[in-house]
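K.L.:
Next comes the sequence, and after it the predicted model I'd like to discuss.
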Amino acid sequence: MAKPEAELTWKDLEIGCIVTEPGNARQYRTGDWRSQRPTYDFNKCIKCGQCYIYCPEGCIRQNTEEYFEADMYYCKGCGICARECPKDVITMVEEAE
Amino acid sequence: MATKTGIEVSIALSEAVRLANADVVAAYPITPQTHIVEHLAELVADGELDAAYIPVESEHSAMSACLGSAAAGARTFTATAGQGLELMHEVLYVASSMRLPIVMAVANRALSAPLSVWGDHSDVMAVRDTGWIQIFTENGQEVVDNVLCAFRIAEDRRVLLPVMIHLDGFHLSHMIEPITFPEQNKVDQFLPPNDYPLPLDPNRPVTMGDFGPPFIYSETKWAQEVNLKAAKEVVLQVWNEFGDAFGRHYSPVEGYRYEGCRVLLLTMGSFSETAMTAIDKMRSEGKDVGLMRLRLWRPFPFDEIRHTVKDAEVLIVLDRALSFGGPGGPVCSEIKAALYQVDKKPKIVSFVGGLGGRDISVAGFEDIVNRGIEISETGSSREFEIFGVRE
């Protein structure tokens, strides 16, 4: 979408709000929904990738040091990665207001 | 030469769909719509209509299949009635919101319980707000003509909305009437091939019916409202062009011996023809009464209604559906709303009758008019009158 969300009017929409730009769902910031965030103690991490497999959002990638880490733009804070991690690397903490 | 044939209206309707050269029919049979889809299935099986016939397992699936078909750019038809229309309910909104030009005939039927296969307008009124263009018909010729017009209206690039053609179950769907079928070459001239602007196409991928977060949902609904209201101009244009091509003219509100009348009766659908006979009789007795028939139900023809009643002192509205616990007849409610802000307006009397296939005879319409005039003078403690109920 060429315009920012807040400036889109009904006249900017395609018929029936059809989306003609493939893959633009990646613009949707689901990270806004989060009330808790994952924090990491990578000293314990064995890079098994269990968190990557279990993440229902598919938002976990390997960082430059190849540790698995959630992308905060999309992470909804569900905590499944923290529960599934066999080495207790991940601790969920409350998001500050 | 166009030929006149004695034919059951349901079969004639199917023949109109054949003349329109529909690409896909997805439907589930339900009384009193059954003959329509049975005959379409025969036409497809016999190779007389080059279409895909999708025999689905329910009306919900029928409308869902129509969504896919119309989204692919195919000319799409279905038909239903009563409970079937209700089972489609949630999908009806999707069809209009996604701007898919589906045409559907509804053989209007009462709703259970108790089980009734017979006609009234309960099914229509329950889908009033689904965003479809809705047109009432009075006789078989109007059904055939308006099915052809419906495809033109629905597929017009300025519209791209689904259209319902309402015909009264049994009272119209099962009548044998003399009907003139337009010639195929004239239909082809009137109704060009469907050309949906953004069809499903692997080479040009689009997403339809996507997620609409709060930041955009209101804009999509307003776009839909603007679009449906603007569709009226196209409906008028298509009816005019149809009239020029085939000699039969239609308009959103049609009067019958109404000009300058003190008392007007308003009806929809096939009962209007009986009402006309009653008006003729009362006029011959010197009564000052005329008839107006509502043809275009959505988009609602505010201006035409205000214009038609401008000289009337009493307006009697007959609804064939009941809004339980509310103001009575849904059509009368909207007529009242349309006239509330008008300075000079008639007294409005609401009647509900003809429910679940019960006839209203010529004498019945005379009773409604006479009672309506009486109530307009004396007032009533009721929000509406129920006609013909044994109390």
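P.N.:
Received it, and whenever you're ready, just let me know what you need.
K.L.:
contacts, neighbours, all on C-alpha from now
P.N.:
Fine.
K.L.:
Go through the host helix or strand of residue B:373 and flag the buried ones.
P.N.:
Under the criterion of DSSP states H and E, residue B:373 resides in helix B:362-378. The neighbour-count check on helix B:362-378 (16 or more other Cα atoms under 10 Å in any protein chain shown) flags B:362, B:364-369, B:371-373, B:375-376 as buried.
K.L.:
List the contacts of residue B:216.
P.N.:
Under the criterion of Cα atoms under 8 Å, 6 or more residues apart in numbering or on different chains, the contact partners of residue B:216 comprise A:5, A:8.
K.L.:
Tell me which helix or strand comes right after the helix or strand hosting it.
P.N.:
For residue B:216, the element it lies in under DSSP H and E is helix B:214-246. Moving toward the C-terminus from helix B:214-246, the next helix or strand (DSSP H and E) is strand B:253-256.
K.L.:
Packing partners of the next helix or strand along the chain from that following strand?
P.N.:
Scanning forward in sequence from strand B:253-256, with DSSP H and E defining helices and strands, the next element found is strand B:263-267. Using 3 or more Cα pairs under 8 Å, 6 or more residues apart in numbering or on different chains; DSSP states H and E as the contact criterion, the secondary-structure elements in contact with strand B:263-267 are strand B:289-294, strand B:314-319.
K.L.:
Can you name the residues in contact with strand B:263-267?
P.N.:
Taking Cα under 8 Å, 6+ apart as the criterion, the residues outside strand B:263-267 that touch it are B:258, B:275, B:288-294, B:309, B:312-319, B:369, B:373.
K.L.:
Just checking: what are the partner strands of the helix or strand following the helix holding residue B:373?
P.N.:
Next in sequence after helix B:362-378, counting helices and strands by DSSP H and E, comes strand B:385-386. Strand B:385-386 has the following sheet partners, assigned by DSSP bridges: strand B:347-352 (parallel).
K.L.:
Name the residues that touch the partner strand?
P.N.:
Here strand B:347-352 has contacts from B:313-322, B:328-329, B:332, B:336, B:368, B:372, B:375-376, B:383-387, using Cα under 8 Å, 6+ apart.
K.L.:
now swap in stretch A:87-97 and tell me
P.N.:
Under the contact criterion Cα under 8 Å, 6+ apart, stretch A:87-97 has outside partners A:34-46, A:77, A:79, A:81-82.
K.L.:
circling back to that earlier point, and the helices and strands packed on strand B:263-267, which is most packed in?
P.N.:
Taking mean count of other Cα atoms under 10 Å in any protein chain shown as the contact definition, the stretch among the helices and strands packed on strand B:263-267 with the greatest mean neighbour count is strand B:314-319, which reaches a mean of 27.
K.L.:
Name the strands paired with it and say parallel or antiparallel.
P.N.:
With DSSP bridges as the criterion, the sheet partners recorded for strand B:314-319 are strand B:263-267 (parallel), strand B:347-352 (parallel).
K.L.:
elements contacting the helix or strand of chain B with the lowest mean pLDDT?
P.N.:
Counting by mean pLDDT, DSSP states H and E, the weakest-scoring helix or strand in chain B turns out to be strand B:3-8, with a mean of 93. In terms of contacts (3+ Cα pairs under 8 Å, 6+ apart), strand B:3-8 is packed against strand B:176-181.
K.L.:
which residues sit against the strand it packs on?
P.N.:
By Cα under 8 Å, 6+ apart, the list of residues contacting strand B:176-181 from outside reads B:2-9, B:12, B:16, B:140-141, B:144.
K.L.:
What subset of those is buried?
P.N.:
Using 16+ other Cα under 10 Å, the buried ones in the contacts of strand B:176-181 are B:7-9, B:12, B:16, B:140-141, B:144.
K.L.:
Compile those into CSV and extend it with columns for distance to residue A:18.
P.N.:
Formatted as CSV, the entries for the buried ones among the contacts of strand B:176-181 read as follows, by distance: Cα to Cα, whole Å:
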residue, distance to residue A:18
B:7, 42
B:8, 41
B:9, 38
B:12, 36
B:16, 31
B:140, 37
B:141, 37
B:144, 33
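K.L.:
Pick out whichever of those sits closest to residue B:193.
P.N.:
Comparing the buried ones among the contacts of strand B:176-181 against residue B:193 with Cα to Cα picks out residue B:16 as the nearest, at 15.3 Å.
K.L.:
For the closest one, give me its contacts.
P.N.:
Neighbours of residue B:16 in contact, by Cα under 8 Å, 6+ apart: B:144-145, B:147-148, B:181.
K.L.:
which SSE is it in?
P.N.:
Under the assignment given by DSSP H and E, the secondary-structure element containing residue B:16 is helix B:9-19.
K.L.:
ok and that helix relative to strand B:3-8, angle-wise?
P.N.:
130 degrees (axes from the mean of the first three to the mean of the last three Cα atoms, to 10 degrees).
K.L.:
what separates helix B:9-19 from the chain centre, distance-wise?
P.N.:
Relative to the mean C-alpha coordinate of its chain, helix B:9-19 is positioned 16 Å out (Cα atoms, centre = their mean, to the nearest Å).
K.L.:
Past it, which element shows up next along the chain?
P.N.:
strand B:24-27.
K.L.:
show me where pLDDT drops low in the stretch 1-150 of chain B?
P.N.:
B:1 (pLDDT under 70).
K.L.:
Roughly how far does the residue of the stretch 1-150 of chain B found nearest chain A sit from residue B:232?
P.N.:
With Cα to the nearest Cα as the measure, the residue in the stretch 1-150 of chain B that lies nearest chain A is residue B:98; the distance is 4.1 Å. Using Cα to Cα, to the nearest Å, one gets 19 Å for the distance from residue B:98 to residue B:232.
K.L.:
cool, residue B:151 as well?
P.N.:
Residue B:151 is 15 Å from residue B:232, where distance means Cα to Cα.
K.L.:
just residue B:135 next, same as before
P.N.:
Relative to residue B:232, residue B:135 is positioned 11 Å away (criterion: Cα to Cα).
K.L.:
can you check residue B:260 too?
P.N.:
Here the distance between residue B:260 and residue B:232 works out to 26 Å (Cα to Cα).
K.L.:
ok, now residue B:309?
P.N.:
To residue B:232, residue B:309 is 20 Å away according to Cα to Cα.
K.L.:
Between the two, tell me which one has more neighbours.
P.N.:
Applying other Cα atoms under 10 Å in any protein chain shown to residue B:309 and residue B:232 shows that residue B:309 carries more neighbours, namely 24 against 20.
K.L.:
And the more buried one, its phi and psi?
P.N.:
Summarising the backbone geometry of residue B:309 under the convention degrees, to the nearest 10, its torsions are phi -100, psi 10.
K.L.:
do residue A:40 as well
P.N.:
Torsion angles, degrees, to the nearest 10, at residue A:40: phi -130, psi 140.
K.L.:
Leaving out the residues flanking it, which one is nearest to it?
P.N.:
Counting by Cα to Cα, 6 or more residues apart in numbering or on different chains, residue A:40 lies nearest to residue A:90, which is 4.8 Å off, once chain neighbours are set aside.
K.L.:
try residue B:275
P.N.:
Here the residue nearest residue B:275, using Cα to Cα, 6+ apart, is residue B:365, at 6.1 Å.
K.L.:
what's the answer for residue B:234, then?
P.N.:
Setting aside the residues directly before and after it, residue B:234 is nearest to residue B:153 in space (Cα to Cα, 6+ apart), at 6.6 Å.
K.L.:
Check the secondary structure at the one you found for me.
P.N.:
Residue B:153 carries the three-state label helix when classified by DSSP: H, G, I helix; E, B strand; the rest coil.
K.L.:
could I get the contacts of residue B:16 as CSV with distance to residue B:172 and secondary structure?
P.N.:
Conversion of the contacts of residue B:16 to CSV gives the following (distance: Cα to Cα, whole Å; DSSP: H, G, I helix; E, B strand; the rest coil):
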residue, distance to residue B:172, secondary structure
B:144, 12, helix
B:145, 15, helix
B:147, 15, helix
B:148, 18, helix
B:181, 17, strand
